[in-house]
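K.L.:
Show me the folded form of this:
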Amino acid sequence: MDPKIKVAAVNYLNTKPLLYGIERSEIINNIDLILDYPSQLATSLQDGAIDLALLPVAAIPAVKNARIISDYGIAADGNVVSVALFSQVPIDEIKTVYLDYQSRTSVKLAQLLLEHHWKKQVEYKQATEHYIDYIHGANAGVIIGDRALQQLHNFPFVYDLSAAWKAYTGLDFIFAAWVANRELPADFIASFNAANAVGLDHLNEIIADNPFPYYDLRTYYTENIKYYLDDQKKKGLEKFVEMMR
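P.N.:
Take a look at the predicted model:
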């Protein structure tokens, strides 16, 4: 019997629709599912500790033999809401930016946008666990995921990074894609792809199972997050990888 394929993802609200089908379909019998921070997934995939991850796209160039194996991931074509630069002052007055320790892609996106789109020179600081407490005055911070949704009404200036990317490039943005570090069986890939799609037909159950008072999850799942990685999304990814180089 083949060993189970080690699959890793983050346990944020935005991944719930993808994980819903994976956890409930036959494929769960063939995998070990691990949940971790997005920044940790990259390290595990590089080390070969896992075989497949919902990987922040900034980490793809660092993974040997990296290949995107699914039509599904985490993307946006404008406001994503859960990846933003939060500040008490307008962007012109920001001097320091704390970088969320949970993500590589969002941090890199923020740096590229500050340099090329907003044309801002700032000092970057690696965020510690309670860095949101330090976002005041000329200190801004990149916040991602569920914590970003919780902070939306706590700051007068929230610069959505996906919307800014769209304004700068005219392109959509992929935040994370299912990336493997080796060849996987074709039948597994087909089943895995199909499992990803299942949750998108069960949003009512997912929303009911995840009460969240800070933001409307139906809006989040149907308008902000785009789960299907079409050609327009992939063009945005090519541009991002090119700019990272």
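
K.L.:
All the strands of this protein, residue numbers only.
P.N.:
5-9, 31-35, 52-56, 67-76, 83-87, 96-99, 123-126, 139-144, 157-160, 173-180, 226-228 (DSSP state E).

K.L.:
List the single closest residue to the residue nearest to the spatial centre of the chain in space, sequence neighbours excluded.
P.N.:
For the chain, the residue nearest the mean C-alpha position is F175 (4.0 Å; Cα atoms, centre = their mean). Sequence neighbours aside, I74 is the residue nearest to F175 in space, at 4.5 Å (criterion: Cβ to Cβ, 6 or more residues apart in numbering). Using the backbone N, CA and C atoms, a C-beta is placed for each residue, glycine as well.

K.L.:
residues in contact with the one you found?
P.N.:
14-15, 18, 54, 174-177, 225, 227 (Cβ atoms under 8 Å, 6 or more residues apart in numbering).

K.L.:
Buried residues in the lowest-mean-pLDDT helix or strand in the chain, which are they?
P.N.:
The weakest-scoring helix or strand in the chain, judged by mean pLDDT, DSSP states H and E, is helix 38-47 (a mean of 85). Judged by neighbour count (16 or more other Cβ atoms under 10 Å), helix 38-47 contains these buried residues: 38-42, 44-45.

K.L.:
Tell me how far that helix lies from the chain's centre.
P.N.:
Here helix 38-47 is found 14 Å from its chain centre; the criterion is Cα atoms, centre = their mean, to the nearest Å.

K.L.:
and what of stretch 234-245?
P.N.:
15 Å.

K.L.:
before we move on, what about stretch 191-211?
P.N.:
For stretch 191-211, the distance to the chain centre is 17 Å (Cα atoms, centre = their mean).

K.L.:
buried set for that stretch?
P.N.:
Across stretch 191-211, burial judged by 16+ other Cβ under 10 Å covers 191-192, 194-200, 202-203, 206-207.

K.L.:
Also stretch 51-65?
P.N.:
51-60, 63.

K.L.:
Max pairwise distance over those residues: which two?
P.N.:
Distances among the buried residues of stretch 51-65 were taken as Cβ to Cβ; the most separated pair is D51 and A58, at 20.1 Å.

K.L.:
Can you give me the distance of the residue nearest to R182 when sequence neighbours are not counted to K234?
P.N.:
Closest residue in space to R182, ignoring its immediate chain neighbours: N65 at 5.9 Å, by Cβ to Cβ, 6+ apart. Look at N65 and K234: by Cβ to Cβ, to the nearest Å, they are 19 Å apart.

K.L.:
in the protein, what spans have low per-residue confidence?
P.N.:
For the chain, the stretches with pLDDT under 70 are 1-2.
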